[in-house]
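> No letters, just coordinates:
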């Protein structure tokens, strides 16, 4: 169990990845991206998650350079977008992302969505990047169990991470168990359900019991279910507050109450029905 903001989980290839990080989905390129990433790093965050489609990789890179923190102390993730999937196009997209970030290597590169008919070729490209030492770990995002089974059937390198929509209304129990049994680390995007859960009475009551906000309760639940989490914020006080979750532990009873909120409900697209 993560005891502090710098604590890590060991992925199936031995690389250590922080349990907690900053996501920059829909953060505007420029000052918003630079200031939020710098604020996160200043306040002890080590993991930053971006993607080619977020169009803010350059800002993330600038913030890293201006942070004053050594590159090897940070864990940087980006993702190949759907339009670039395929073998050669993925290799070119990786080069472009690395150039925008201004980095010599990545810590984690993900296949952003399981584009039908392309994601296996994309995975072959990630395996090459991994073998060539250009990325320390590779994984996928938004993959259901059947997508993972398809990859595992003939891959040379097993995915280390699966980043998916995950929050108390979408607990993904079957996927979580599959990933655990196959040594694939689950990671949550949209852990706060884009704010939809912040007025939930059950979560409010639990928060009052511990003297914590609803957001802090949810993020703590993520960690206690052994799921990496990367909440987004552009406000420094919120970035600090989101990470203030290592001084309490949810009881088994409260974990059950939160588990009981599951409705298998998404705020993002279903990977099987996403219009790529």
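All right, it came through fine. Everything quoted here is computed from the prediction, not taken from an experiment.
> all strands of this protein, in order?
8-10, 16-18, 22-23, 47-49, 75-80, 106-111, 135-141, 161-165, 185-189, 228-229 (DSSP state E).
> can you tell which of those is closest to residue 239?
Across the strands of the chain, residue 239 has its closest neighbour in strand 22-23 (6.8 Å, Cβ to Cβ). Heads up, the C-betas are built off the backbone N, CA and C, glycines and all.
> And the closest one, how far out from the chain middle?
8 Å (Cα atoms, centre = their mean, to the nearest Å).
> and that strand, what does it pack onto?
When contacts are defined as 3 or more Cβ pairs under 8 Å, 6 or more residues apart in numbering; DSSP states H and E, strand 22-23 sits against helix 31-42, strand 47-49.
> Flag every buried residue along the shortest one.
Taking 16 or more other Cβ atoms under 10 Å as the basis for neighbour counts, the residues of strand 47-49 that come out buried are 47-49.
> And for stretch 240-250?
Those would be 240-246, 250, for stretch 240-250 by 16+ other Cβ under 10 Å.
> re the thing from before, out of the helices and strands packed on strand 22-23, deepest packed?
strand 47-49 (a mean of 26; mean count of other Cβ atoms under 10 Å).
> For it, which strands pair with it and how are they oriented?
Partner strands and pairing direction for strand 47-49 (DSSP bridges) are strand 22-23 (parallel), strand 75-80 (parallel).
> And the pLDDT at the residue nearest to residue 91 when sequence neighbours are not counted?
Leaving aside its chain neighbours, residue 91 sits nearest to residue 125 (5.2 Å; criterion: Cβ to Cβ, 6 or more residues apart in numbering). Here the pLDDT value assigned to residue 125 is 98.
> unless I'm mixing things up, residue 125 is touching residue 95, no?
No: Residue 125 is beyond contact range of residue 95, at 11.1 Å (criterion: Cβ atoms under 8 Å).
> Run through the residues that contact the closest residue to residue 204 other than its chain neighbours.
Using Cβ to Cβ, 6+ apart and skipping the chain neighbours, the partner closest in space to residue 204 is residue 214 (5.9 Å). Applying Cβ atoms under 8 Å, 6 or more residues apart in numbering to residue 214 gives the contacts 197-200, 203-204, 207.
> mind running it again at 10 Å?
192, 195, 197-208 (Cβ atoms under 10 Å, 6 or more residues apart in numbering).
> Output those residues as TSV; include the columns distance to residue 14 and pLDDT.
Output for these, formatted as TSV (distance: Cβ to Cβ, whole Å; pLDDT from 0 to 100):
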residue	distance to residue 14	pLDDT
192	31	95
195	37	91
197	35	95
198	37	95
199	42	96
200	38	97
201	43	98
202	39	98
203	36	98
204	41	98
205	41	98
206	36	98
207	37	98
208	41	98
